[in-house]
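Asks: following is a predicted model, sequence given first.
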Amino acid sequence: MFKIEHVTVRINEKFILNDLSFTVPKGQITVMIGESGSGKSTMLSAILGMLPAQATVEGSIFFNGRNIVELAKQDQSVLRQRHFFTIFQDAANSFSPTQKMKQQLYGLTALRMGQTKAVFLAKMKHIVQDLHLPADVLERYPFELSGGMLQRCMLACALYLAPAVLLADEPTSSLDMLHQQEFIQQLKRLHTRLETTVLLITHDLDVAASIADFILVMKNGEIVERGQVTEIFEQPKHPYTRQLVAHHF
Ligand SMILES: Nc1ncnc2c1ncn2[C@@H]1O[C@H](COP(=O)(O)OP(=O)(O)OP(=O)(O)O)[C@@H](O)[C@H]1O
């Protein structure tokens, strides 16, 4: 589904990603782990076309056989809107404080699909119920919801859109342990139900261990190790992975 080939990103002549190649297989959950500053978010930004203007990108990012990097900006954004959905670290920043959730979730989902508000409300009511969100969530403003509820609102959008690809950048790091586990369970359910391909970034090894099919270990802009969960946690090969895993247990 996703094939990253020899991607190098430089910002102000500094190497941020150095010759990265990996595959995100269709329908699987691939998790990228690594310390802060290792380049995980930069990789996601490269996929999303959200790198800062001064960044230079080399290499290819194939999605369903098309190299996104070579497409015109307009075609890139159409492709991303149609097939990708992204959940960022702090959902509070993803929503406007001045609009009710129903307007915002409508804008993120049904409006993109050219659907009416009536269609949106009928479908979204079931989804918010399924995610155990408050019955009146659509009538509330973001400040009336907890961080965990706001992240579940992002999951509600993903359930509505059923994207081919779900990208998530530290989606649990602003949540307490209880809400973290709840979010991961909901994400797993979404993945099983929609068979969505997931690329998730986290520095939390518990999160990685509980959800990943495949793990990529990043350090200093490079992938130093990759493997199944059991390989990474039970037989880490690279000294950095060994260090990460040792600190985890
Ligand atoms: N706009 C920018 N200008 C200059 N340097 C940047 C910019 N964005 C990121 N970097 C640098 O790129 C490197 C990788 O950052 P990135 O945010 O991708 O790492 P990360 O692994 O996602 O870390 P974190 O978990 O803290 O978000 C860091 O050294 C960071 O300082």
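Replies: Right, received. Where do you want to start?

Asks: which residue is nearest the centroid of this structure?
Replies: In the chain, the centroid-proximal residue (Cα atoms, centre = their mean) is residue 168; its distance is 1.4 Å.

Asks: OK, contacts around that one?
Replies: Applying Cβ atoms under 8 Å, 6 or more residues apart in numbering, we find residue 168 in contact with 86, 87, 88, 187, 198, 199, 200, 201. Where you see a C-beta, it was placed from the backbone N, CA and C, and this is true even at glycine.

Asks: can stretch 39-59 be found next to the ligand?
Replies: Yes: contact between stretch 39-59 and the ligand, assessed by Cβ under 6 Å from any ligand atom, occurs at 39, 40, 41, 42, 52.

Asks: and the two most separated of the residues you listed?
Replies: 40 and 52 (16.0 Å; Cβ to Cβ).

Asks: ok, those two, which is more surrounded?
Replies: Higher neighbour count among residue 40 and residue 52: residue 40, with 23 against 10, using other Cβ atoms under 10 Å.

Asks: which phi and psi does that one have?
Replies: phi -60, psi -50 (degrees, to the nearest 10).

Asks: over to residue 33?
Replies: Residue 33 adopts backbone torsions of phi -120, psi 170, taken as degrees, to the nearest 10.

Asks: which non-adjacent residue is nearest it?
Replies: residue 208 (5.1 Å; Cβ to Cβ, 6 or more residues apart in numbering).

Asks: how many neighbouring residues does the one you found have?
Replies: Using other Cβ under 10 Å, residue 208 is surrounded by 24 other residues.

Asks: any low-confidence regions in this protein?
Replies: Across the chain, the ranges flagged by pLDDT under 70 are 249.
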